[in-house]
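Peer 1: Below is the structure, and that's it, no one-letter string:
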């Protein structure tokens, strides 16, 4: 999990006043990686070295305009450069943004994370979290399992299977044969269990569809007859 920093956390890390960093950000000396739901800027780990370099240039007598020109021309000494390219490759969501897209509350997502069902891609010391947009799909799967009657503890087990599978799928040869089989067997068992539950749900859905269609017709029929009754 990568770390991110809210402006106060970044100030603490580089030993610079928060107000100074806020001015640097406003003057485009440093760029925020993104903003929280309430508009507070947050920064990637690369911003630490960038801030240290900028501070060194300020101590040498360079003003903000000079430093911006240096950044545009050659980049900052010792810096990894502008992180806009890495930012554009990732679509990161705050808890609020993810909650809105999934259709749950932010509190629900935090509870899922506390249970170990999901794990944020980036997190600050103060607990601010960012998630890749892949979590929209994953959280929808969690909701599906809840609709299938799974408890959160059972969903945690399934999510652990997902993580184990991703690891084994990329490098199963690095594990002993017995360990790989030990991990894969319960995954297959869980798949069969879920197939059984889904079959029962499909049968139940079919029964209810027929029942509701019939009752809707009967209700509309009574409603129409009642409408034609004399006052």
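Peer 2: Cool, the structure landed. It should be emphasised that the depicted structure is a prediction, and the values quoted were computed from it without experimental measurement.

Peer 1: neighbours around residue 62, how many?
Peer 2: Residues lying near residue 62 (other Cβ atoms under 10 Å) number 15. Bear in mind the C-beta positions are built from the backbone N, C-alpha and C, glycine included.

Peer 1: biggest helix in this protein, by residue count?
Peer 2: In the chain, with assignment by DSSP state H, the single longest helix is helix 177-228.

Peer 1: what residue ranges in this structure score low on pLDDT?
Peer 2: Applying pLDDT under 70 to the chain picks out residues 1, 73-90.

Peer 1: mind listing the strands for it?
Peer 2: Counting by DSSP state E, the chain has strands at residues 2-6, 34-35, 41-44, 92-94, 122-123, 129-132.

Peer 1: As JSON lines, the ones you listed with mean neighbour count and distance to residue 192 would be great.
Peer 2: Shown next, in JSON lines, are the strands of the chain (neighbours: other Cβ atoms under 10 Å; distance: least, Cβ to Cβ, whole Å):
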{"stretch": "strand 2-6", "mean neighbour count": "20", "distance to residue 192": "37"}
{"stretch": "strand 34-35", "mean neighbour count": "14", "distance to residue 192": "42"}
{"stretch": "strand 41-44", "mean neighbour count": "22", "distance to residue 192": "43"}
{"stretch": "strand 92-94", "mean neighbour count": "21", "distance to residue 192": "34"}
{"stretch": "strand 122-123", "mean neighbour count": "19", "distance to residue 192": "36"}
{"stretch": "strand 129-132", "mean neighbour count": "22", "distance to residue 192": "30"}
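
Peer 1: related to what we said a few turns ago, elements contacting the longest helix of the chain?
Peer 2: Applying 3 or more Cβ pairs under 8 Å, 6 or more residues apart in numbering; DSSP states H and E, we find helix 177-228 packed against helix 152-171.
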